[in-house]
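Engineer: pasting the structure only:
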């Protein structure tokens, strides 16, 4: 990836936000908060429906970056901040821009937007394939 340079946009990734994705992500990350799997209890707590947890979002951001840079790329640091909730029936579109390339490492600014606005913003530092083992 020697051609990689700051300012380069990564291809977008559309992720349908389904009930299955939300519940499976919560269970896989051992997050048993009712707002991630029980619509009625989520509504009682003021949410219109269940919503995605931060650990699922974090995993999807990591997947997005490694899909873009290849299976041998290694995530070194992931910093995210949540915004608008991801509810079932929406689509989150992840986009990224290379902010910096130094040696075998790239820093990527990532945004995940849905119908309500920005669900996630963050920065991912990734070791590129040829440097991942170093």
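Structural biologist: Thanks, I have it. Only a predicted model underlies this, so the values are computations on that prediction, with no experimental measurement involved.
Engineer: please go through this structure and pick out the longest helix.
Structural biologist: Once the chain is assigned using DSSP state H, the helix that runs over the most residues is helix 54-69.
Engineer: who's in contact with the nearest residue to residue 89 once chain neighbours are set aside?
Structural biologist: With Cβ to Cβ, 6 or more residues apart in numbering as the criterion, residue 89 has its nearest non-adjacent residue at 6.9 Å, and that residue is residue 17. (C-beta placed from N, C-alpha, C; glycine too.) The neighbourhood of residue 17, defined by Cβ atoms under 8 Å, 6 or more residues apart in numbering, consists of 52, 86, 87, 88, 89, 90, 91, 92, 114.
Engineer: now swap in residue 126 and tell me
Structural biologist: 65, 66, 69, 73, 74, 75, 76, 105, 106, 107, 108.
Engineer: pretty sure the second one sits against residue 72.
Structural biologist: No: under the contact definition of Cβ atoms under 8 Å, residue 66 does not touch residue 72, with a separation of 9.1 Å.
Engineer: the more surrounded of these two?
Structural biologist: When neighbours are counted by other Cβ atoms under 10 Å, residue 66 comes out ahead of the other of residue 66 and residue 72, with 16 against 13.
Engineer: just the pLDDT for that one.
Structural biologist: We have a pLDDT of 95 for residue 66.
Engineer: chain neighbours aside, what residue packs nearest to it?
Structural biologist: When the adjacent residues along the chain are set aside, residue 66 lies closest to residue 73, with 5.4 Å between them (Cβ to Cβ, 6+ apart).
Engineer: ok, that neighbour - how many residues close by?
Structural biologist: By other Cβ under 10 Å, 21 other residues sit near residue 73.
Engineer: ditto for residue 108
Structural biologist: With neighbours defined by other Cβ under 10 Å, the count for residue 108 comes to 24.
Engineer: between the contacts of residue 126, which has the most around it?
Structural biologist: With neighbours set by other Cβ under 10 Å, the maximum within the contacts of residue 126 is found at residue 106, which has 27 neighbours.
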